[in-house]
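**Student:** Quick one, structure for this:
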Amino acid sequence: VQLQASGGGLVQAGGSLRLSCAASGRTLSSHAMGWFRQAPGKEREFVAGINWSGGSTNYADSVKGRFAISRDNAKSTVYLQMNSLKPEDTAVYYCAGARITTIPTRYDYWGQGTQVTVSS
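**Tutor:** Here you go, the predicted structure:
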């Protein structure tokens, strides 16, 4: 499976962005998916996860209430809607997949990142 993330960019604090992660090579319908981010000088951190059907999601405390993960299995695409963005959300965002249906603690494959920059 190959993942292609897109939708990053430069936005002012308080603004919104929607990231997309499109899969090629196979369908994602039986895989859990997630979003991670890595800011300069920091370790990569979990942002959000979603199970195979979209019926279960979880979020890092730092983004709860502001970010929403969703998926469209027919399009083999996962989304991350980011609202009320803060400068501390600035990072490279990565999507990842796991070959299980429930949200895992470890992911099996990764896409390339997309840069999100939030100006104050």
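**Student:** what about the strands in the chain?
**Tutor:** According to DSSP state E, the chain carries its strands in the segments 2-6, 9-12, 17-24, 32-38, 45-50, 57-59, 67-72, 77-82, 91-98, 109-110, 114-119.
**Student:** Need the nearest residue in space to the residue positioned nearest the centre of the chain, chain neighbours excluded.
**Tutor:** Nearest to the mean C-alpha position of the chain, counting by CA atoms, centre = their mean, stands Trp35 at 2.7 Å. Take Trp35 and drop its neighbours on the chain: the residue closest to it by CB to CB, 6 or more residues apart in numbering is Val47, 4.4 Å away. Where you see a C-beta, it was placed from the backbone N, CA and C, and this is true even at glycine.
**Student:** hang on, isn't the one you found packed against Met33?
**Tutor:** No: under the criterion of CB atoms under 8 Å, Val47 lies out of contact with Met33, with a separation of 11.5 Å.
**Student:** More neighbours: which of these two?
**Tutor:** Met33 (27 against 23; other CB atoms under 10 Å).
**Student:** Around the closest residue to the more buried one other than its chain neighbours, how many other residues sit close by?
**Tutor:** What sits nearest to Met33 in space, not counting adjacent residues and going by CB to CB, 6+ apart, is Val78, at 4.5 Å. Here the count is done by other CB under 10 Å, and Val78 has 30 residues near it.
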